[in-house]
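Student: Any chance you could fold what I've pasted below:
(one chain, ligands or ions: 1)
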Amino acid sequence: MYKPKEKGGKGVPVLYLFLGSHYTSTHLKQAMNLSSNNKTNTMTRFWCGSYLRKLKMIKSDFRTPVAFNLPPAYVFIWKFLEHFKLEGEESKILTNHRFIISVVQDRESVTPVRGLRYGDASTVWRNVSHPVLSNRLQDLSWMVAHGILPVRAVMHSRGMSATSICPRPGCGAPESVRHLLWECSAAVDLWAKAGSLQFPHLAREVLHGQLVLYGVSQQKITKKDFAEMWLTLATIKDAIWTSRNLLVSRRRQMPPVAVKRNIKGCRWRAKDTATKKNRLRLRGRRSRRSTNRGPSSGGLALRVRQEGRSFRAGFPSEHQRCLEGRDGSGLGKESPRFCSTFNTQRFCILYSCS
Ligand SMILES: [Zn+2]
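Tutor: Residues are numbered from 1 along each chain as shown. Model prediction:
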(Lines give C-alpha, C1' and ligand atoms only; values in the text may rest on other atoms or scores of the structure.)
Protein backbone atom coordinates (compact mmCIF):
# COMPACT_ATOMS: atom_id res chain seq x y z
CA MET A 1 0.00 0.00 0.00
CA TYR A 2 2.78 2.43 0.92
CA LYS A 3 4.94 1.78 -2.11
CA PRO A 4 4.70 4.12 -5.12
CA LYS A 5 2.15 3.06 -7.72
CA GLU A 6 4.81 2.21 -10.31
CA LYS A 7 6.32 -0.28 -7.86
CA GLY A 8 3.15 -2.15 -7.00
CA GLY A 9 1.76 -0.04 -4.16
CA LYS A 10 -1.11 2.38 -3.93
CA GLY A 11 0.97 5.46 -3.21
CA VAL A 12 -0.45 5.93 0.30
CA PRO A 13 1.87 8.40 2.05
CA VAL A 14 3.86 7.07 5.01
CA LEU A 15 3.19 9.61 7.76
CA TYR A 16 6.44 8.87 9.58
CA LEU A 17 8.44 9.51 6.41
CA PHE A 18 6.36 12.50 5.33
CA LEU A 19 6.39 14.36 8.65
CA GLY A 20 9.90 13.22 9.59
CA SER A 21 11.36 14.47 6.30
CA HIS A 22 9.73 17.88 6.81
CA TYR A 23 11.02 18.10 10.38
CA THR A 24 14.52 16.93 9.53
CA SER A 25 14.96 19.10 6.44
CA THR A 26 13.67 22.22 8.24
CA HIS A 27 16.14 21.86 11.12
CA LEU A 28 19.07 20.84 8.96
CA LYS A 29 18.37 23.83 6.73
CA GLN A 30 18.61 26.04 9.78
CA ALA A 31 21.79 24.33 10.95
CA MET A 32 23.36 24.82 7.51
CA ASN A 33 22.51 28.53 7.63
CA LEU A 34 20.07 28.21 4.72
CA SER A 35 17.24 29.76 6.69
CA SER A 36 16.82 33.54 6.98
CA ASN A 37 16.53 33.66 10.79
CA ASN A 38 20.08 34.02 12.09
CA LYS A 39 19.29 33.52 15.78
CA THR A 40 17.44 30.27 15.11
CA ASN A 41 20.22 29.10 12.80
CA THR A 42 22.85 29.71 15.50
CA MET A 43 20.76 27.92 18.14
CA THR A 44 20.13 24.88 15.91
CA ARG A 45 23.79 24.78 14.90
CA PHE A 46 24.80 24.80 18.55
CA TRP A 47 22.51 21.90 19.50
CA CYS A 48 23.10 19.82 16.36
CA GLY A 49 26.72 20.84 15.80
CA SER A 50 28.38 17.79 17.25
CA TYR A 51 26.14 15.41 15.29
CA LEU A 52 26.52 17.40 12.06
CA ARG A 53 30.32 17.33 12.40
CA LYS A 54 30.08 13.56 12.69
CA LEU A 55 28.02 13.51 9.48
CA LYS A 56 30.60 15.84 7.90
CA MET A 57 27.90 18.31 7.05
CA ILE A 58 29.77 21.14 8.76
CA LYS A 59 33.47 21.58 9.32
CA SER A 60 34.97 21.29 12.80
CA ASP A 61 35.65 24.72 14.23
CA PHE A 62 36.86 24.79 17.83
CA ARG A 63 36.20 28.53 18.12
CA THR A 64 32.43 27.88 17.94
CA PRO A 65 30.72 26.20 20.93
CA VAL A 66 28.61 23.11 20.24
CA ALA A 67 26.59 20.77 22.46
CA PHE A 68 28.07 17.28 22.77
CA ASN A 69 24.73 15.56 23.33
CA LEU A 70 21.67 16.00 21.18
CA PRO A 71 18.61 17.33 23.04
CA PRO A 72 15.49 15.06 22.93
CA ALA A 73 13.89 17.13 20.14
CA TYR A 74 16.88 16.49 17.86
CA VAL A 75 17.34 12.85 18.84
CA PHE A 76 14.39 12.29 16.49
CA ILE A 77 16.51 13.54 13.53
CA TRP A 78 19.29 11.11 14.40
CA LYS A 79 16.84 8.20 14.71
CA PHE A 80 15.04 9.19 11.51
CA LEU A 81 18.23 9.37 9.44
CA GLU A 82 19.47 6.10 10.91
CA HIS A 83 16.12 4.35 10.29
CA PHE A 84 16.09 5.22 6.58
CA LYS A 85 19.90 4.89 6.25
CA LEU A 86 20.24 8.49 5.11
CA GLU A 87 23.29 9.43 7.17
CA GLY A 88 25.65 9.14 4.19
CA GLU A 89 23.56 11.37 1.91
CA GLU A 90 24.64 14.81 0.76
CA SER A 91 23.48 17.96 2.51
CA LYS A 92 21.58 19.01 -0.66
CA ILE A 93 19.34 16.00 -0.23
CA LEU A 94 18.94 16.20 3.52
CA THR A 95 17.87 19.84 3.45
CA ASN A 96 14.97 19.19 1.04
CA HIS A 97 12.08 17.02 2.20
CA ARG A 98 11.07 16.12 -1.36
CA PHE A 99 14.54 14.74 -2.09
CA ILE A 100 14.48 12.74 1.15
CA ILE A 101 11.13 11.16 0.24
CA SER A 102 12.22 10.38 -3.33
CA VAL A 103 15.52 8.83 -2.16
CA VAL A 104 13.65 6.56 0.26
CA GLN A 105 11.01 5.65 -2.34
CA ASP A 106 13.63 4.93 -5.01
CA ARG A 107 15.15 2.31 -2.76
CA GLU A 108 11.87 0.39 -2.63
CA SER A 109 11.95 -2.78 -4.68
CA VAL A 110 9.38 -3.47 -7.40
CA THR A 111 6.80 -6.00 -6.20
CA PRO A 112 7.02 -9.14 -8.39
CA VAL A 113 3.97 -10.34 -10.29
CA ARG A 114 3.31 -14.05 -9.95
CA GLY A 115 3.11 -16.00 -13.20
CA LEU A 116 4.36 -13.15 -15.41
CA ARG A 117 5.85 -14.39 -18.67
CA TYR A 118 6.32 -11.31 -20.87
CA GLY A 119 7.79 -7.99 -19.88
CA ASP A 120 8.71 -6.98 -16.38
CA ALA A 121 6.70 -6.26 -13.25
CA SER A 122 7.11 -2.48 -13.52
CA THR A 123 5.22 -2.56 -16.87
CA VAL A 124 2.35 -4.34 -15.16
CA TRP A 125 2.19 -1.77 -12.33
CA ARG A 126 2.30 1.04 -14.86
CA ASN A 127 -0.64 -0.54 -16.68
CA VAL A 128 -2.53 -1.02 -13.41
CA SER A 129 -2.46 2.72 -12.70
CA HIS A 130 -3.00 3.75 -16.33
CA PRO A 131 -4.77 7.15 -16.44
CA VAL A 132 -7.38 5.84 -18.88
CA LEU A 133 -8.83 3.62 -16.14
CA SER A 134 -11.30 4.92 -13.57
CA ASN A 135 -10.46 4.46 -9.88
CA ARG A 136 -12.70 1.40 -9.68
CA LEU A 137 -10.96 -0.27 -12.63
CA GLN A 138 -7.53 0.67 -11.28
CA ASP A 139 -8.40 -0.97 -7.95
CA LEU A 140 -9.67 -4.09 -9.72
CA SER A 141 -6.53 -4.32 -11.89
CA TRP A 142 -4.34 -3.80 -8.82
CA MET A 143 -6.02 -6.67 -6.96
CA VAL A 144 -5.78 -8.89 -10.06
CA ALA A 145 -2.03 -8.20 -10.44
CA HIS A 146 -1.45 -8.94 -6.76
CA GLY A 147 -3.69 -12.04 -6.97
CA ILE A 148 -5.78 -10.86 -4.03
CA LEU A 149 -9.18 -10.38 -5.64
CA PRO A 150 -11.51 -11.94 -3.03
CA VAL A 151 -12.43 -15.02 -5.05
CA ARG A 152 -13.18 -18.27 -3.25
CA ALA A 153 -9.68 -19.79 -3.50
CA VAL A 154 -8.13 -16.65 -2.00
CA MET A 155 -10.78 -16.42 0.73
CA HIS A 156 -10.54 -20.15 1.48
CA SER A 157 -6.76 -19.97 1.87
CA ARG A 158 -7.31 -17.28 4.52
CA GLY A 159 -10.04 -19.20 6.33
CA MET A 160 -12.86 -16.89 5.20
CA SER A 161 -14.72 -19.21 2.85
CA ALA A 162 -16.05 -22.73 3.40
CA THR A 163 -15.12 -23.82 -0.12
CA SER A 164 -12.69 -22.87 -2.86
CA ILE A 165 -14.80 -24.26 -5.72
CA CYS A 166 -16.04 -21.96 -8.50
CA PRO A 167 -19.71 -20.94 -7.97
CA ARG A 168 -20.62 -21.38 -11.67
CA PRO A 169 -22.98 -24.36 -12.04
CA GLY A 170 -21.16 -27.43 -13.32
CA CYS A 171 -17.64 -25.91 -13.15
CA GLY A 172 -16.07 -27.62 -10.14
CA ALA A 173 -12.58 -26.08 -10.49
CA PRO A 174 -10.96 -24.02 -7.71
CA GLU A 175 -11.89 -20.38 -8.21
CA SER A 176 -8.58 -18.52 -8.49
CA VAL A 177 -8.25 -15.03 -9.98
CA ARG A 178 -6.96 -16.47 -13.26
CA HIS A 179 -9.75 -19.06 -13.34
CA LEU A 180 -12.45 -16.43 -12.79
CA LEU A 181 -11.21 -14.00 -15.42
CA TRP A 182 -9.71 -16.30 -18.04
CA GLU A 183 -10.17 -20.05 -17.56
CA CYS A 184 -13.77 -20.46 -16.37
CA SER A 185 -16.21 -21.56 -19.09
CA ALA A 186 -18.28 -18.38 -18.70
CA ALA A 187 -15.17 -16.22 -19.13
CA VAL A 188 -13.92 -18.33 -22.07
CA ASP A 189 -17.24 -17.84 -23.91
CA LEU A 190 -17.17 -14.11 -23.26
CA TRP A 191 -13.57 -13.63 -24.39
CA ALA A 192 -14.19 -15.77 -27.48
CA LYS A 193 -17.03 -13.47 -28.52
CA ALA A 194 -15.33 -10.28 -27.30
CA GLY A 195 -13.52 -9.66 -30.59
CA SER A 196 -16.76 -9.60 -32.52
CA LEU A 197 -18.90 -7.91 -29.87
CA GLN A 198 -18.51 -4.43 -31.30
CA PHE A 199 -15.16 -4.03 -29.56
CA PRO A 200 -12.91 -3.23 -32.51
CA HIS A 201 -9.94 -2.54 -30.22
CA LEU A 202 -9.81 -6.21 -29.26
CA ALA A 203 -10.17 -7.54 -32.80
CA ARG A 204 -6.59 -6.46 -33.70
CA GLU A 205 -4.92 -8.50 -30.96
CA VAL A 206 -4.82 -12.21 -30.21
CA LEU A 207 -6.10 -12.38 -26.66
CA HIS A 208 -4.12 -14.43 -24.17
CA GLY A 209 -4.08 -14.69 -20.38
CA GLN A 210 -1.10 -12.38 -19.87
CA LEU A 211 -2.62 -9.65 -22.00
CA VAL A 212 -6.02 -9.91 -20.36
CA LEU A 213 -4.78 -10.04 -16.76
CA TYR A 214 -1.73 -7.78 -16.85
CA GLY A 215 -1.80 -5.92 -20.17
CA VAL A 216 1.57 -7.33 -21.32
CA SER A 217 2.20 -8.80 -24.74
CA GLN A 218 5.06 -9.57 -27.13
CA GLN A 219 3.37 -7.64 -29.93
CA LYS A 220 4.07 -3.95 -30.35
CA ILE A 221 1.14 -1.61 -30.10
CA THR A 222 0.79 2.17 -30.15
CA LYS A 223 0.01 4.01 -26.92
CA LYS A 224 -3.41 5.18 -28.10
CA ASP A 225 -4.48 1.72 -29.24
CA PHE A 226 -3.19 0.20 -26.01
CA ALA A 227 -5.17 2.70 -23.92
CA GLU A 228 -8.41 1.82 -25.75
CA MET A 229 -7.71 -1.91 -25.59
CA TRP A 230 -6.69 -1.85 -21.92
CA LEU A 231 -9.84 0.09 -20.98
CA THR A 232 -11.99 -2.44 -22.84
CA LEU A 233 -10.21 -5.39 -21.20
CA ALA A 234 -10.56 -3.85 -17.73
CA THR A 235 -14.26 -3.17 -18.32
CA ILE A 236 -14.91 -6.74 -19.42
CA LYS A 237 -13.05 -8.04 -16.32
CA ASP A 238 -15.18 -5.74 -14.18
CA ALA A 239 -18.35 -7.09 -15.83
CA ILE A 240 -17.22 -10.70 -15.19
CA TRP A 241 -16.48 -9.85 -11.56
CA THR A 242 -19.87 -8.10 -11.14
CA SER A 243 -21.82 -10.99 -12.67
CA ARG A 244 -19.92 -13.46 -10.45
CA ASN A 245 -20.77 -11.42 -7.35
CA LEU A 246 -24.44 -11.33 -8.35
CA LEU A 247 -24.35 -15.11 -8.72
CA VAL A 248 -22.76 -15.60 -5.28
CA SER A 249 -24.70 -13.01 -3.30
CA ARG A 250 -28.16 -13.10 -4.92
CA ARG A 251 -28.02 -16.38 -6.84
CA ARG A 252 -28.81 -14.48 -10.03
CA GLN A 253 -27.15 -15.60 -13.22
CA MET A 254 -26.65 -12.82 -15.74
CA PRO A 255 -27.37 -13.91 -19.32
CA PRO A 256 -24.57 -13.16 -21.84
CA VAL A 257 -26.71 -10.44 -23.48
CA ALA A 258 -26.98 -8.60 -20.14
CA VAL A 259 -23.24 -8.97 -19.54
CA LYS A 260 -22.57 -7.50 -23.01
CA ARG A 261 -24.89 -4.57 -22.30
CA ASN A 262 -23.23 -4.08 -18.92
CA ILE A 263 -19.78 -4.01 -20.55
CA LYS A 264 -20.82 -1.36 -23.05
CA GLY A 265 -22.43 0.80 -20.35
CA CYS A 266 -19.48 0.38 -17.97
CA ARG A 267 -16.99 1.16 -20.72
CA TRP A 268 -18.80 4.37 -21.58
CA ARG A 269 -19.02 5.37 -17.89
CA ALA A 270 -15.39 4.43 -17.25
CA LYS A 271 -14.20 6.49 -20.19
CA ASP A 272 -16.34 9.40 -19.04
CA THR A 273 -14.97 9.14 -15.48
CA ALA A 274 -11.40 8.92 -16.74
CA THR A 275 -11.93 12.00 -18.91
CA LYS A 276 -13.41 13.88 -15.94
CA LYS A 277 -10.53 12.72 -13.75
CA ASN A 278 -7.98 13.97 -16.27
CA ARG A 279 -9.89 17.24 -16.60
CA LEU A 280 -9.90 17.68 -12.81
CA ARG A 281 -6.20 16.87 -12.66
CA LEU A 282 -5.47 19.49 -15.30
CA ARG A 283 -7.73 22.00 -13.53
CA GLY A 284 -5.91 21.25 -10.25
CA ARG A 285 -2.57 21.90 -11.91
CA ARG A 286 -3.84 25.16 -13.39
CA SER A 287 -5.31 26.35 -10.08
CA ARG A 288 -2.07 25.46 -8.28
CA ARG A 289 -0.17 27.47 -10.87
CA SER A 290 -2.53 30.41 -10.47
CA THR A 291 -2.39 30.16 -6.66
CA ASN A 292 1.38 30.33 -6.79
CA ARG A 293 1.20 33.61 -8.66
CA GLY A 294 -0.02 35.55 -5.63
CA PRO A 295 -2.60 35.93 -2.93
CA SER A 296 -5.07 37.76 -5.19
CA SER A 297 -6.00 34.57 -7.08
CA GLY A 298 -6.38 32.39 -4.00
CA GLY A 299 -9.35 30.27 -2.91
CA LEU A 300 -10.92 33.05 -0.85
CA ALA A 301 -11.63 35.19 -3.88
CA LEU A 302 -13.19 32.23 -5.66
CA ARG A 303 -15.35 31.43 -2.63
CA VAL A 304 -16.52 35.00 -2.32
CA ARG A 305 -17.37 35.02 -6.03
CA GLN A 306 -19.31 31.74 -5.67
CA GLU A 307 -21.15 32.97 -2.60
CA GLY A 308 -22.01 36.18 -4.40
CA ARG A 309 -23.45 34.15 -7.24
CA SER A 310 -25.55 32.03 -4.86
CA PHE A 311 -26.71 35.15 -3.04
CA ARG A 312 -27.86 36.68 -6.29
CA ALA A 313 -29.52 33.46 -7.40
CA GLY A 314 -31.31 32.75 -4.14
CA PHE A 315 -32.19 36.20 -2.94
CA PRO A 316 -35.37 37.43 -4.61
CA SER A 317 -37.81 34.51 -4.30
CA GLU A 318 -36.68 33.33 -0.88
CA HIS A 319 -36.67 36.85 0.49
CA GLN A 320 -40.19 37.35 -0.82
CA ARG A 321 -41.37 34.13 0.84
CA CYS A 322 -39.76 35.27 4.05
CA LEU A 323 -41.57 38.60 3.86
CA GLU A 324 -44.93 36.96 3.23
CA GLY A 325 -44.57 34.67 6.21
CA ARG A 326 -46.04 31.24 6.74
CA ASP A 327 -49.69 32.32 6.57
CA GLY A 328 -49.12 34.54 3.53
CA SER A 329 -51.03 37.31 5.27
CA GLY A 330 -48.81 40.12 4.05
CA LEU A 331 -45.58 42.00 4.35
CA GLY A 332 -43.92 42.86 7.63
CA LYS A 333 -45.90 40.34 9.70
CA GLU A 334 -42.90 38.21 10.43
CA SER A 335 -40.24 39.39 12.81
CA PRO A 336 -36.96 39.87 10.95
CA ARG A 337 -35.10 37.87 13.57
CA PHE A 338 -37.49 34.89 13.75
CA CYS A 339 -38.55 33.85 10.31
CA SER A 340 -41.01 30.95 10.74
CA THR A 341 -40.87 30.03 7.07
CA PHE A 342 -37.21 29.17 7.22
CA ASN A 343 -37.07 28.66 11.00
CA THR A 344 -33.81 30.51 11.20
CA GLN A 345 -32.54 33.84 12.36
CA ARG A 346 -29.50 34.03 10.19
CA PHE A 347 -31.40 34.16 6.93
CA CYS A 348 -33.27 37.28 7.91
CA ILE A 349 -30.25 38.99 9.40
CA LEU A 350 -28.19 38.22 6.31
CA TYR A 351 -30.79 39.58 3.93
CA SER A 352 -31.96 42.44 6.18
CA CYS A 353 -35.49 41.08 6.10
CA SER A 354 -37.94 43.53 7.64
ZN1 LIG B 1 -15.44 -21.79 -13.06
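Student: The residue in the stretch 201-350 of the chain that the ion sits nearest to and Val103, how far apart?
Tutor: Taking CB to the ion, the ion has its nearest neighbour within the stretch 201-350 of the chain at Arg244, 9.0 Å off. The C-beta positions use only the backbone N, C-alpha and C, and glycine is treated the same way. Arg244 is 43 Å from Val103, where distance means CB to CB, to the nearest Å.
Student: Repeat that for Asn135.
Tutor: Asn135 is 29 Å from Val103, by CB to CB.
Student: of the two, who's got more company?
Tutor: Val103 (17 against 11; other CB atoms under 10 Å).
Student: Quickly find the element holding that one.
Tutor: According to DSSP states H and E, Val103 maps onto helix 97-106.
Student: ok, and for whichever helix or strand comes after that helix, which residues are buried?
Tutor: Along the chain past helix 97-106, the next helix or strand (assigned with DSSP H and E) turns out to be helix 121-128. In terms of neighbour count (16 or more other CB atoms under 10 Å), helix 121-128 has its buried residues at Ala121, Thr123, Val124, Trp125, Asn127, Val128.
Student: Could you dump those residues into a markdown table and include pLDDT?
Tutor: Below are these laid out as a markdown table (pLDDT from 0 to 100):
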| residue | pLDDT |
| --- | --- |
| Ala121 | 86 |
| Thr123 | 88 |
| Val124 | 90 |
| Trp125 | 90 |
| Asn127 | 90 |
| Val128 | 91 |
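Student: right, and out of those, which lies closest to His97?
Tutor: Trp125 (24.9 Å; CB to CB).
Student: anything in stretch 186-199 near the ion?
Tutor: No. Under the criterion of CB under 5 Å from the ion, stretch 186-199 makes no contact with the ion; the nearest approach is 6.9 Å.
Student: what does this protein put close to the ion?
Tutor: Near the ion, when you scan the chain using CB under 5 Å from the ion, you find Cys166, Arg168, Cys171, Cys184.
Student: isn't the last one right next to Arg168, touching?
Tutor: The reference is to Cys184. Yes. Cys184 lies in contact with Arg168 (CB atoms under 8 Å); the separation is 5.9 Å.
Student: burial measure for Cys171, as a count.
Tutor: Neighbour number of Cys171 under other CB under 10 Å is 15.
Student: now Phe80
Tutor: Residues near Phe80, counting by other CB under 10 Å: 18.
Student: buried ones in the helix or strand where it lies?
Tutor: Using DSSP H and E, Phe80 sits within helix 72-83. For helix 72-83, the neighbour count (16+ other CB under 10 Å) marks Tyr74, Ile77, Trp78, Phe80, Leu81 as buried.
Student: same thing with stretch 15-31?
Tutor: Leu17, Gly20, Ser21, Tyr23, Thr24, Ser25, His27, Leu28, Lys29, Gln30, Ala31.
Student: Give me the below-cutoff pLDDT ranges for the stretch 101-250 of the chain.
Tutor: Scanning the stretch 101-250 of the chain for pLDDT under 70 picks out the ranges 195-198, 200-201, 203-204.
Student: 80 - rerun?
Tutor: Low-confidence segments of the stretch 101-250 of the chain, defined by pLDDT under 80: 115-119, 193-206, 250.
Student: now the helices: where do they sit in it?
Tutor: Ranges of helices in the stretch 101-250 of the chain, per DSSP state H, counting those that start in this stretch, are 121-128, 135-146, 152-157, 177-178, 185-194, 200-203, 209-214, 223-250.
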